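Student: Sequence plus predicted model, see below.
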Amino acid sequence: KNQVEQSPQSLIILEGKNCTLQCNYTVSPFSNLRWYKQDTGRGPVSLTIMTFSENTKSNGRYTATLDADTKQSSLHITASQLSDSASYICVVSHSNSGYALNFGKGTSLLVTP
Amino acid sequence: GAGVSQSPSNKVTEKGKDVELRCDPISGHTALYWYRQRLGQGLEFLIYFQGNSAPDKSGLPSDRFSAERTGESVSTLTIQRTQQEDSAVYLCASSLGDRSNSPLHFGNGTRLTVT
């Protein structure tokens, strides 16, 4: 069964601090890995998409890393802001089907003043 | 419009009633997806449309669920004889075709509550 596991389930950090969210997957064969940000009451918004050959990709203060050998990814948030409070979702695409996506349950991040 | 639009944003219905949810994708996006998101759970795939190809309905949980899409435009998700376990947020997303690295653009969802 293809699975995407995220940790921690939830996280609270102080504004200005850095944090790292983890994603482990068993999807095989693998095509790409995506990170989405979902604000409360809103739809998810794409942060990064990484293919098999990419090890890291940045989007502003967000940096995603990928280790396809260990099937692990991380999302690092630098100098957190209150607006970073959201759910962060890891999504892994199965290479045999361009549209088949496996979603993690997300990490709920709360940034406090 | 600039993004994916879903309506209504909230829907409360009585058990046993039918409901229809609407999705307006981004213009030019040939791929359209419906997902269900239960509280604390990951997104659950329901159905996928790509251009004029036959849709992938493999995620629809029962025959009470159906969806249609006219060409590459509006899609409707219909739930017949609603049950309390149908309560969830229903998210629609569109993308540029089925290229595996095309990002999905999501609407803000319809929150369905079945009483």
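Tutor: Okay, I see it. Residues are numbered from 1 along each chain as shown, chains lettered A, B, ... in the order given.
Student: Do I have it right that A:E15 meets A:S83?
Tutor: No - between A:E15 and A:S83 no contact is recorded; they are 10.0 Å apart, counting by Cβ atoms under 8 Å. Any C-beta I mention is one placed from the backbone N, CA and C, and that applies to glycine too.
Student: Of the two, which one has the most company?
Tutor: Legend: neighbour count by other Cβ atoms under 10 Å in any protein chain shown for A:E15 and A:S83, higher for A:E15 (14 against 10).
Student: which ones are touching A:L75?
Tutor: Contacts of A:L75 were listed using Cβ atoms under 8 Å, 6 or more residues apart in numbering or on different chains, and they are A:20-21, A:23, A:35, A:47-48, A:62-64, A:88, A:90.
Student: So what's the residue count around the residue nearest to A:F52 when sequence neighbours are not counted?
Tutor: Nearest non-adjacent residue to A:F52, counting by Cβ to Cβ, 6 or more residues apart in numbering or on different chains: A:A68, 5.4 Å away. Neighbour count of A:A68, defined by other Cβ under 10 Å: 16.
Student: Mutual contacts of A:E15 and A:S83, please.
Tutor: Common neighbours of A:E15 and A:S83 (Cβ under 8 Å, 6+ apart) are A:V111.
Student: which residues sit against the lowest-mean-pLDDT helix or strand in chain B?
Tutor: Taking mean pLDDT, DSSP states H and E as the measure, strand B:44-50 is the helix or strand of chain B with the lowest mean score, a mean of 93. Applying Cβ under 8 Å, 6+ apart, the contact partners of strand B:44-50 are A:99-101, A:103, B:30-38, B:55-61, B:65, B:67, B:69, B:75, B:77, B:90, B:97-98.
Student: Many thanks, I have nothing further to ask.
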